[in-house]
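Chemist: Got a sequence here, can you model it:
(chains A and B)
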Amino acid sequence: GAGVSQSPRYKVAKRGQDVALRCDPISGHVSLFWYQQALGQGPEFLTYFQNEAQLDKSGLPSDRFFAERPEGSVSTLKIQRTQQEDSAVYLCASSLGDRAREQYFGPGTRLTVT
Amino acid sequence: DQQVKQNSPSLSVQEGRISILNCDYTNSMFDYFLWYKKYPAEGPTFLISISSIKDKNEDGRFTVFLNKSAKHLSLHIVPSQPGDSAVYFCAASYYGNNRLAFGKGNQVVVIP
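Modeler: All right, here's what the predicted structure looks like:
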């Protein structure tokens, strides 16, 4: 079956530009997560949705980062006024539900801020 | 602070031999542990997991061992195959907080 998809796969932005990253989770998966992965590091949690409700946004590094999942399926991570330190791979993951502990990841979006 | 630690960032092993990856954690609330495999330019792929009520879980060539008193887990791959060459991440979570905490990863190279 179809896995988690993300678009675009690569994004180059000039410092100060706004970007929007999209995630399509596995159909029927209730939980959706965003992670940020810097070079040579493991993924770091950003935010978590259960259906359309954003239950945890404690990992968002600044108020320039905003995520939404208005209809409980597709999610968008928006970064305003991008900075060089925002350069990273942004990973989306989904899981079946609140009690399902395994998360399934998309291929990621590599963001480069110049 | 790094709650999940993977030392020995890279490992080289001959095809057919055993690969052993180690992971240590500091948060005693963690009750579920996962291993992910990652190829370049792809997202992490779920491999195997273990609940804290068990000390061993096996799936084909992959076995995960958990030592709760030492806050340590390991992944054994036997026999290792060239397609196993990838970065392996250890991750942990606890019930009620679904976020995963990841280690920095181990690069495994299987030599044919």
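
Chemist: What sits closest to the residue of chain A found nearest chain B if chain neighbours are left out?
Modeler: Here chain A gets closest to chain B at one residue, A:Gly42, 3.2 Å apart by CB to the nearest CB. Every C-beta, even on glycine, is put in place using the N, C-alpha and C of the backbone. Sequence neighbours aside, B:Phe102 is the residue nearest to A:Gly42 in space, at 3.2 Å (criterion: CB to CB, 6 or more residues apart in numbering or on different chains).

Chemist: residues in contact with the most centrally placed residue in chain A?
Modeler: What sits nearest the mean C-alpha location of chain A, by CA atoms, centre = their mean, is A:Trp34, with 3.4 Å. Contacts for A:Trp34 were tallied using CB atoms under 8 Å, 6 or more residues apart in numbering or on different chains; they are A:Cys23, A:Phe45, A:Leu46, A:Thr47, A:Tyr48, A:Ala67, A:Ser75, A:Leu77, A:Tyr90, A:Leu91, A:Cys92, A:Ala93.

Chemist: In chain B, what residue lies closest to chain A?
Modeler: For chain B, CB to the nearest CB, closest residue to chain A: B:Phe102, 3.2 Å.

Chemist: Tell me both backbone torsions, phi and psi, for that residue.
Modeler: Per-residue torsions, B:Phe102: phi -110, psi 150 (degrees, to the nearest 10).

Chemist: Bridge partners for it, pull those for me.
Modeler: With DSSP bridges as the criterion, B:Phe102 is bridged to B:Ala91.

Chemist: quick one on the thing from earlier: in a strand, the residue nearest to the centre of chain A, correct?
Modeler: Yes. The assignment for A:Trp34 by DSSP: H, G, I helix; E, B strand; the rest coil puts it in a strand.

Chemist: show me what contacts the spatially closest residue to it that is not a sequence neighbour?
Modeler: Closest residue to A:Trp34 apart from its sequence neighbours, by CB to CB, 6+ apart: A:Leu46 at 4.2 Å. Neighbouring residues of A:Leu46 by CB under 8 Å, 6+ apart: A:Phe33, A:Trp34, A:Tyr35, A:Gln36, A:Lys57, A:Gly59, A:Leu60, A:Pro61, A:Phe65, A:Ala67, A:Leu77, A:Tyr90.

Chemist: Over to A:Asp86?
Modeler: Taking CB under 8 Å, 6+ apart, one finds A:Arg64, A:Ile79, A:Leu111, A:Val113 in contact with A:Asp86.

Chemist: Quick check, B:Pro44 in contact with A:Val89.
Modeler: No. Between B:Pro44 and A:Val89 there is no contact, the gap being 10.6 Å when judged by CB atoms under 8 Å.

Chemist: out of these two, which sits in the more crowded spot?
Modeler: More neighbours surround B:Pro44 than the other of B:Pro44 and A:Val89, with 31 against 21 (other CB atoms under 10 Å in any protein chain shown).

Chemist: Give me the phi and psi angles of the more buried one.
Modeler: Taking degrees, to the nearest 10 as the convention, B:Pro44 sits at phi -60, psi 140.

Chemist: Just the pLDDT at it, thanks.
Modeler: Confidence at B:Pro44, expressed as pLDDT, is 96.

Chemist: and if you look at the one 5 residues further on?
Modeler: The predicted local confidence for B:Ser49 comes out at a pLDDT of 96.
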